[in-house]
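> I'll drop the sequence and a predicted model, then ask my questions.
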Amino acid sequence: NHNHNHTHKLSFSGRWDESVHRQWYRKMRPDDETKDTLSLFMDGGDVCDETNKPRSVVVKMVCKQALPVDRVIITLTEPSQCNYVLKLKSRIVCDLMEDADDDGVF
């Protein structure tokens with residue numbers, strides 16, 4: 001019988017605001033943005049203890065026709081402290097991309 005006392009802190013990484021996203025997208029259009037990828041920028045998350053700045057996340061949605069409809073692949077990276085990239089690969093994204101405008105908003 002093991003007694004583990006683990007503490008987990010859940011942080012809120014950001015919220016999506018269309019005007020903020022459009023400004024970010026026009027200025028920082030991701031280098032890896034292709035016809036199969038859409039990126040959404042979210043900011044204003046919980047303040048990061050290490051940087052004293054709000055957390056942010058870029059959600060990269062990747063169209064993967066080869067995946068079964070019920071399969072989603074999710075990866076999370078932290079390229080810089082308290083700034084995250086959440087990559088979501090799915091066949092479902094392909095349909096969303098058809099409705100996206102030039103700033104990646106659908």
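Noted; the coordinates are in hand.
> wait, what's in contact with Tyr25?
Shown in contact with Tyr25 (CB atoms under 8 Å, 6 or more residues apart in numbering): 39, 41, 103-104. Quick note: C-beta positions are derived from backbone N, CA and C, even for glycine.
> Contact partners for Gln81?
48, 50-51.
> Dump these to CSV, plus pLDDT and neighbour count.
CSV is the format used below for those (pLDDT from 0 to 100; neighbours: other CB atoms under 10 Å):
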residue, pLDDT, neighbour count
Cys48, 91, 16
Glu50, 92, 8
Thr51, 94, 12
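> just the residues you listed now: which is nearest Lys87?
Distances from Lys87 to those, taken as CB to CB, are shortest for Cys48 (20.7 Å).
> surely the closest one meets Arg55?
Yes: taking CB atoms under 8 Å as the definition, Cys48 is a contact partner of Arg55 at 5.4 Å.
> Show the average pLDDT along the helix or strand where Ser19 lies.
Element membership for Ser19 (DSSP states H and E) is helix 18-28. Per-residue pLDDT values across helix 18-28 average out to 89.
> And it, what's buried?
Buried residues in helix 18-28, counted by 16 or more other CB atoms under 10 Å: 20-22, 24-25.
> that older thread, nearest to Leu86, of the contacts of Tyr25?
Ser39 (10.2 Å).
> Any idea what the closest one is bridged to?
Counting by DSSP bridges, Ser39 is bridged to Lys60.
> Touching, it and Val62? I think so.
No: using CB under 8 Å, Ser39 is not in contact with Val62; the gap is 9.8 Å.
> Dump the contacts of Tyr25 into a markdown table; add pLDDT as well.
Listed next are the contacts of Tyr25 as a markdown table, based on pLDDT from 0 to 100:
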| residue | pLDDT |
| --- | --- |
| Ser39 | 90 |
| Phe41 | 91 |
| Asp103 | 85 |
| Gly104 | 84 |
